[in-house]
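S.K.: 3D model of this:
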Amino acid sequence: MLEDGSWMVPHVGGKPFLRKPPLVQWCIAGSLKIFGYNVWAARLPSALSVLALVAVIIFATRGWLISEQSLVAAIVMMAQIATIEKCRLAELEAIYVALSGIAIVLWMSWWSQGRSPWLVWIVPMVFNALALLAKAPLHFLFFYAVVIATLVAAGEIRTLWSRAHLLGVLIMASIVAAWAVRFLHEVNAGEAGVVWRRQFFERVTDAEMNISKWLMTIPNGLANHLPWVLFAPLLWRKDAALGQRTRPAALLRGGRWAVAGCFFGLLLIPGVQPRNVQPLVAPFSVLLAPVLWACPRRFRHWWRYAVFVMTLIIFTGAVAAPFIVASAVGRGADALHPAVAGLILVLIFCSALLLMSLRRRLHQTLHLTLWTGFVAVMTMLLYTTIAVPWMSLNENIRPFAQCIDDRMPANSRLVAYSLDDFAPLLGVLFHLKTPFIYVVDSEHAPDGEEFYLMRGKERAKFETSFTISGEPLVVWYAKEGKFPSVVVRAVRKQAVDCPAATAR
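M.R.: Numbering: from 1, shown residues only. So this is what the prediction gives:
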């Protein structure tokens with residue numbers, strides 16, 4: 001996008017990328033434009049989008065929840081494995097989850113407060129439209145599941161036909177159409193339709209179904225939302241809605257079934273992945289907060305005991321971390337700078353020691369929620385310090401990019417040949433300092449001798465159109481095993497056989 005100005009249609013590996021809308025690419029491209037071409041800038045939109053959802057949960061829910069409950073909801077949303085994992089990646093999930101979550105939270109909050117129907121319906125639909133520009137429209141299922149279940153519980157299902165709702169849908173459709181019309185004008189509409197249909201049927205049928213993988217879908221989905229998924233049964237306590245006003249009580253009665261039904265119902269479908277249900281994290285967090293706030297004293301006692309045990313484990317890990325990291329570095333691993341790693345471990349050590357010493361004073365729900373959030377943060381930092389050096393021993397994308405940079409002759413360029421959307425090699429290109437261009441097939445290849453990067457599976461096809469000179473410059477056996485990706489020096493056969501073509 002930044003190089004050729006093609007903002008309506010993303011291109012991956014030199015070909016139009018038809019599987020997803022371009023909002024995430026817009027965000028990342030804008031960040032790279034402002035902050036430079038680096039990993040930090042590529043990841044920044046994901047982090048900012050999650051912080052935007054946090055801000056909405058804290059400020060928009062006031063008037064329905066008290067301030068402390070809004071803070072509890074924000075901590076529950078942030079301190080989950082799935083959130084921590086996705087908000088640091090340059091992928092679409094964090095932005096998609098944040099936008100769809102903002103839409104659901106705004107509707108839940110404003111409806112429970114009895115705000116103007118024009119506000120209740122129109123503003124969330126704008127964020128639903130933005131979420132649709134980030135990914136497929138699965139979030140509509142979650143949004144309307146919560147909305148319909150809540151309206152049924154409140155006896156207000158007729159409001160679905162209100163003018164405010166219909167106008168909101170119209171505005172949402174107009175926003176999406178403003179992009180879709182130009183998109184379909186620039187691509188082959190028939191080809192795009194085929195890609196979209198294939199995407200849908202792959203999600204709901206999974207032609208290559210793996211039984212063992214399918215059986216683990218729900219356990220993996222539950223694990224993504226630890227530790228707070230352990231508190232989910234509290235939503236069905238008999239007195240969970242006790243003391244709440246009519247609308248918030250209806251929201252809890254309907255919303256809990258909508259969240260649970262969507263979560264388990266979708267994950268039972270072969271082909272649906274745990275990441276597909278992550279937009280449910282926002283309504284789940286907001287529904288759980290007031291229930292946690294009113295949980296009985298006996299439950300808080302066990303909660304405090306469990307989080308104390310986790311803190312003790314983290315404390316032990318911080319003590320052992322220097323020896324574990326030293327062992328990884330001794331095997332050639334890349335680790336954090338010793339001063340940074342030492343500061344992190346000291347902070348974890350001192351924080352864990354302080355929390356354990358204050359355990360008898362931390363008994364209120366807000367205290368326990370904050371303590372649990374701190375445990376999640378300390379776990380993340382400890383994981384970064386200990387696990388990442390060991391993982392770097394098996395990392396191959398950046399080393400492969402560095403190897404190409406080291407072996408390419410000065411003032412030469414690389415031609416990425418027929419990569420399509422093969423993620424590993426696209427990741428290599430992101431970290432590459434050597435100039436490169438994309439070529440989708442032999443007809444578009446440049447004349448003269450060039451260095452070509454290709455997948456191993458393309459090697460036989462490549463040799464029918466190109467003459468390779470000498471041995472491969474670099475060989476990469478990762479990802480495709482016996483079909484290694486290679487960098488070779490080659491010239492198009494047409495250019496060799498036809499001097500006129502070479503002259504041109």
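S.K.: which residues does Ala282 contact?
M.R.: Shown here is Ala282, whose contacts under the criterion CB atoms under 8 Å, 6 or more residues apart in numbering are 53, 57, 77, 97, 100-102, 104-105. Bear in mind the C-beta positions are built from the backbone N, C-alpha and C, glycine included.
S.K.: for the top helix by length along the chain, packing partners?
M.R.: In the chain, assigned by DSSP state H, the helix with the most residues is helix 297-330. Contacts defined by 3 or more CB pairs under 8 Å, 6 or more residues apart in numbering; DSSP states H and E place helix 297-330 against helix 338-357, helix 365-392.
S.K.: Relative to Ile175, which of the ones you listed is closest?
M.R.: Closest to Ile175 of the helices and strands packed on helix 297-330, according to CB to CB: helix 365-392, at 35.0 Å.
S.K.: Quick one: low-confidence residue ranges for this protein.
M.R.: Counting by pLDDT under 70, the ranges of the chain that qualify are 189-209, 240-245, 479-482, 494-504.
S.K.: Domain map for it?
M.R.: Following automatic domain parsing, the chain resolves into domains at 11-293, 297-392, 397-503.
S.K.: Format those as JSON lines; extra columns: distance to Glu3.
M.R.: Rendered in JSON lines, the data for the domains of the chain read as follows (distance: least, CB to CB, whole Å):
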{"stretch": "domain 11-293", "distance to Glu3": "10"}
{"stretch": "domain 297-392", "distance to Glu3": "30"}
{"stretch": "domain 397-503", "distance to Glu3": "10"}
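S.K.: Could you say which of these is packed most deeply?
M.R.: Burial among the domains of the chain, expressed as mean neighbours by mean count of other CB atoms under 10 Å, is greatest for domain 11-293, which shows a mean of 18.
S.K.: From one end of it to the other, what's the distance?
M.R.: 48 Å (CA to CA, to the nearest Å).
S.K.: Out of the domains of the chain, the one nearest Gly5 is which?
M.R.: Gly5 sits nearest to domain 11-293 of all the domains of the chain, at 10.5 Å, using CB to CB.
S.K.: And stretch 256-269, how far out from the chain middle?
M.R.: 20 Å (CA atoms, centre = their mean, to the nearest Å).
S.K.: nearest to Val187, of the helices and strands packed on helix 297-330?
M.R.: Distances from Val187 to each of those were compared by CB to CB, and the smallest falls on helix 365-392, at 38.2 Å.
S.K.: Which is the succeeding secondary structure element to the closest one?
M.R.: Read in the C-terminal direction, the helix or strand following helix 365-392 is helix 397-407, with elements assigned using DSSP states H and E.
S.K.: could I have that following helix exported to PDB, CA atoms only?
M.R.: Output of helix 397-407 as PDB, limited to C-alpha atoms (Å, rounded to 0.1, in the frame of the first residue of the first chain):
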ATOM      1  CA  ILE A 397      12.600 -16.600  10.100                       C
ATOM      2  CA  ARG A 398      14.900 -13.800  11.200                       C
ATOM      3  CA  PRO A 399      18.100 -15.900  10.900                       C
ATOM      4  CA  PHE A 400      17.100 -16.900   7.400                       C
ATOM      5  CA  ALA A 401      16.600 -13.200   6.500                       C
ATOM      6  CA  GLN A 402      19.900 -12.300   8.100                       C
ATOM      7  CA  CYS A 403      21.600 -15.100   6.100                       C
ATOM      8  CA  ILE A 404      20.200 -13.700   2.800                       C
ATOM      9  CA  ASP A 405      21.400 -10.200   3.700                       C
ATOM     10  CA  ASP A 406      24.900 -11.500   4.500                       C
ATOM     11  CA  ARG A 407      25.300 -13.600   1.300                       C
END
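S.K.: which helices and strands sit right next to whatever helix or strand comes next after that helix?
M.R.: Reading on from helix 397-407 to the C-terminus, the next helix or strand found by DSSP H and E is strand 414-417. Of the remaining helices and strands, those touching strand 414-417 by 3+ CB pairs under 8 Å, 6+ apart are strand 436-439, strand 449-454.
S.K.: Could I get the ones you listed in JSON lines, plus columns for distance to Val307?
M.R.: Shown next, in JSON lines, are these (distance: least, CB to CB, whole Å):
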{"stretch": "strand 436-439", "distance to Val307": "50"}
{"stretch": "strand 449-454", "distance to Val307": "49"}
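S.K.: Trp302: which of these is closest?
M.R.: strand 449-454 (56.1 Å).
S.K.: from the middle of its chain, how far away would stretch 441-451 be?
M.R.: From the chain centre to the centre of stretch 441-451 is a distance of 36 Å (CA atoms, centre = their mean).
S.K.: ok, the closest residue to Asn38 other than its chain neighbours - contacts?
M.R.: Once its chain neighbours are removed from consideration, Asn38 has its nearest residue in Leu32; the separation is 7.9 Å (CB to CB, 6 or more residues apart in numbering). Residues in contact with Leu32, defined by CB under 8 Å, 6+ apart, are 2, 38, 41-42.
S.K.: Distance check, the closest residue in space to Ala478 that isn't next to it in sequence against Pro424.
M.R.: The spatially closest residue to Ala478, leaving aside those adjacent along the chain, is Asn396, at 4.2 Å (CB to CB, 6+ apart). When distances are taken as CB to CB, to the nearest Å, Asn396 and Pro424 turn out to be 8 Å apart.
S.K.: how close does Thr372 get to Arg300?
M.R.: Taking CB to CB as the criterion, Thr372 is separated from Arg300 by 12 Å.
S.K.: what do you get for Lys238?
M.R.: Lys238 is 18 Å from Arg300, where distance means CB to CB.
S.K.: And for Ala164?
M.R.: Here the distance between Ala164 and Arg300 works out to 41 Å (CB to CB).
S.K.: same question, Val176
M.R.: Computed with CB to CB, the distance linking Val176 and Arg300 is 46 Å.
S.K.: for Asn188, same thing?
M.R.: In this structure, Asn188 lies at 60 Å from Arg300, with CB to CB as the measure.
S.K.: same check, this time on Ile157
M.R.: Going from Ile157 to Arg300 by CB to CB gives 37 Å.
S.K.: doesn't Ser49 make contact with Glu91?
M.R.: No - the pair Glu91 and Ser49 fails to qualify as a contact (CB atoms under 8 Å) at a distance of 11.2 Å.
S.K.: can you list contacts of the strand ranked longest in the chain?
M.R.: When the chain is scanned for its longest strand (criterion: DSSP state E), the result is strand 466-476. Around strand 466-476, the neighbours that count as contacts under CB under 8 Å, 6+ apart are 396, 400, 403-404, 407-408, 442, 445, 449, 451-452, 484-493, 496.
S.K.: same question, stretch 444-454
M.R.: Counting by CB under 8 Å, 6+ apart, the neighbours of stretch 444-454 from elsewhere in the structure are 14, 404, 408, 412-419, 425, 428-429, 436-437, 439, 462, 465-466, 469, 473, 485-492, 495, 501-502, 504.
S.K.: can you rerun that using 6 Å?
M.R.: Identification of contacts with stretch 444-454 by CB atoms under 6 Å, 6 or more residues apart in numbering yields 414-417, 439, 462, 487-492, 495, 502.
S.K.: Leaving out the residues flanking it, which one is nearest to the residue positioned nearest the centre of the chain?
M.R.: Of all residues in the chain, the one closest to the mean position by CA atoms, centre = their mean is Glu93, 2.9 Å from it. Nearest residue to Glu93 in three dimensions, chain neighbours excluded: Lys86, at 4.5 Å (CB to CB, 6+ apart).
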